[in-house]
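I'll drop the sequence and a predicted model, then ask my questions.
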Amino acid sequence: MKILILLGDGMSDLPIAELGNKTPLQAAQTPHMDRMAANGLMGLAHTVPAGLPPGSDVANLSVFGYDPRTCYTGRSPLEALSMGISLGPDDVAFRMNMVTLDPRGGKVYMEDFSAGHIGSDESHQLVAALQQELGNERFQFFPGVGYRHLMVWRGGKDTMKAVPPHDISGKPILGHLPTGDGADELIWLMNAAQMVLHTHPVNRARKERGELPANAVWLWGHGKTPQLTSYREKFGLSGAVISAVDLIKGIGVCAGLQVINVPGATGYIDTNYKGKAEAALSALEKHDFVYVHVEAPDEASHNGDLQHKIQAIEDFDRLVVGTVLEQAGRFDDLRILCCPDHPTPIALKTHTSDPVPFVIHRPSGSTGNGATGYDEIQARGTGLVVAEGHHLMEMLLADT
């Protein structure tokens, strides 16, 4: 038995008037996912348990087969694992976005949660400057990928509340700053970082080129290191994970899976879709399980870019799903789960806790349950609802 999970982050959405009240999944050309839906087990799955935030951390833990209610401690500790950053039992990791803030009309707005999707080369210089100017025994700054970085508070506090920056795109930041015990120190760091970044040569050059400056950082997604049962112990499987983002890689590290880095994997619409699919097929030759994560639909949704979202869905279908189905005959008993982790509606530019469409398909022969295509409405029409998303993995392992 071989198990492959193909996850298009944030693909699910709401009907959009511009699309004739269709969702992007309905409007996009997705012949390969449609074929899986017509010949597989289609339904809706709740990947975000009640009371937990609808983040990619919670939702992907569910799809991996873990119950977030028992193991979730925050997003950033998982990213730290991927980045090889050691955390002590009292250390708290924070996601640190490079962002663009825009002061106007007496208020400060979150103009862009990714600083115009700043690249790693430039942002690493900015993180180095933050470490030089603000880093010490308590606060340390670590470079990640693109706009996604990490701050570690040694012996820090973790009971404060922090809002993801993509939740407040285009909105004033006042009222969304960290709150609770320890928040004052975080806000001081965020303000101090603005002073470091404002005159940095990287930002001067970006402004001269007409690009958005990374003139601030935003701290969120904090937590302490989680403990996951390994995939070998939990499911009796060896496995690998393929993603461009540290969060998913970190879950893989925590689960004892091999992390496979694919050249050209960017976490955006220009990612190496086909390279991910081909790497997954190669990994299945020696592993029982491979998890392929594609970030592009979610990033397009956070940017409110409908055309990019449709493009990302179609590229995912053609280059990832299509490539896999074309070569599925290499394996006698291949079981494929295709789904998003959570919805990311274009209209909201952020995640929701609504259930997501999923399909379980066996290329060697499986029977459909009433769907004719892959989208939210078709999934709802089958009447199949998985109330707890972590049971999807059990369904994949089941004999029927």
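In hand now; what should we look at?

so where's the chain shaky on pLDDT?
Low-confidence segments of the chain, defined by pLDDT under 70: 399-400.

which residue is nearest the centroid of it?
The chain has S56 as the residue nearest its centroid, 4.6 Å off, counting by C-alpha atoms, centre = their mean.

Can you tell me the closest non-neighbouring residue to it?
Spatial nearest neighbour of S56, excluding adjacent residues (C-beta to C-beta, 6 or more residues apart in numbering): D341 at 5.6 Å. In this view, the C-beta of every residue, glycine as well, is placed from N, C-alpha and C.

in a strand, that's where the one you found is, yeah?
No: assessed with DSSP: H, G, I helix; E, B strand; the rest coil, D341 is coil; it does not lie in a strand.

ok, it touching T47?
Yes: D341 lies in contact with T47 (C-beta atoms under 8 Å); the separation is 6.0 Å.

Now for those two: what residues contact both?
Shared contacts of D341 and T47, defined by C-beta atoms under 8 Å, 6 or more residues apart in numbering, are found at 59, 62-63, 356.

List only buried entries from those.
59, 62-63, 356 (16 or more other C-beta atoms under 10 Å).

Just give me how far stretch 226-246 sits from the chain centre.
Taking C-alpha atoms, centre = their mean, to the nearest Å, the mean C-alpha location of stretch 226-246 is offset from the chain mean by 16 Å.

send the alpha carbons of that stretch over as CSV?
Once non-C-alpha atoms are left out, stretch 226-246 reads as follows in CSV (Å, rounded to 0.1, in the frame of the first residue of the first chain):
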residue,chain,number,x,y,z
PRO,A,226,4.8,20.3,20.6
GLN,A,227,5.2,16.5,21.0
LEU,A,228,3.8,14.3,18.2
THR,A,229,3.8,10.5,18.0
SER,A,230,5.9,9.5,15.1
TYR,A,231,4.3,8.3,11.9
ARG,A,232,6.1,5.0,12.3
GLU,A,233,4.6,4.5,15.8
LYS,A,234,1.2,6.0,15.1
PHE,A,235,0.4,4.4,11.7
GLY,A,236,3.3,2.0,11.1
LEU,A,237,4.4,4.0,8.0
SER,A,238,7.6,5.5,6.8
GLY,A,239,7.0,8.8,5.0
ALA,A,240,8.1,12.1,3.5
VAL,A,241,6.8,15.6,3.2
ILE,A,242,7.2,18.1,0.3
SER,A,243,6.4,21.8,0.8
ALA,A,244,7.9,25.2,0.4
VAL,A,245,6.9,26.5,3.8
ASP,A,246,8.5,25.8,7.1
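
Pull out the buried positions in that stretch.
For stretch 226-246, a neighbour-count test (16+ other C-beta under 10 Å) marks 226, 228, 231, 235, 237-246 as buried.

any idea which of those residues is closest to V320?
Taking C-beta to C-beta as the measure, V320 lies nearest I242 of those, at 10.0 Å.

So the closest one is in contact with A279, correct?
Yes: judged on C-beta under 8 Å, I242 makes contact with A279 at a distance of 5.6 Å.

From A37, how far out is L25?
Noted for L25: a distance of 10 Å to A37, by C-beta to C-beta, to the nearest Å.

for E278, what are its contacts?
Listed by C-beta under 8 Å, 6+ apart, the contact set of E278 reads T323.

downstream neighbour of the helix or strand encompassing it in the secondary structure list?
In this structure, E278 sits in helix 273-284 according to DSSP states H and E. Once the chain leaves helix 273-284, the next helix or strand it forms, by DSSP H and E, is strand 289-294.

circling back: can you verify my assumption that the residue nearest to the centre of the chain contacts T344?
No: using C-beta under 8 Å as the test, S56 is too far from T344 to be in contact (9.2 Å).

so what's in contact with those two at the same time?
9-10, 298, 351.

just to revisit the earlier point, give the contact list for the residue nearest to the centre of the chain.
Contacts of S56 by C-beta under 8 Å, 6+ apart are 9-10, 75, 247-248, 298, 341-342, 351.

before we move on, what about Q140?
So Q140 contacts 131, 151-152, 154 (C-beta under 8 Å, 6+ apart).

ok, what's across the strand from it?
Residues in a beta bridge with Q140, per DSSP bridges, are V152.

Okay, it and V245: tell me how far apart.
Using C-beta to C-beta, Q140 is found at 21 Å from V245.

Quick one: residues contacting P363.
Residues near P363 by C-beta under 8 Å, 6+ apart: 325, 328-329, 334, 336.

Nearest to V217 among the contacts of Q140?
Among the contacts of Q140, M151 lies closest to V217 (C-beta to C-beta), at 7.7 Å.

so what's the closest one up against?
Neighbours of M151 in contact, by C-beta under 8 Å, 6+ apart: 93-94, 96, 139-142, 189, 217, 219.

With G8 instead?
Counting by C-beta under 8 Å, 6+ apart, G8 has contacts 294, 296-297, 312-313, 316, 320, 338-340.

Grab the nearest non-local neighbour of it.
Per C-beta to C-beta, 6+ apart, closest to G8 is F316, 4.7 Å.
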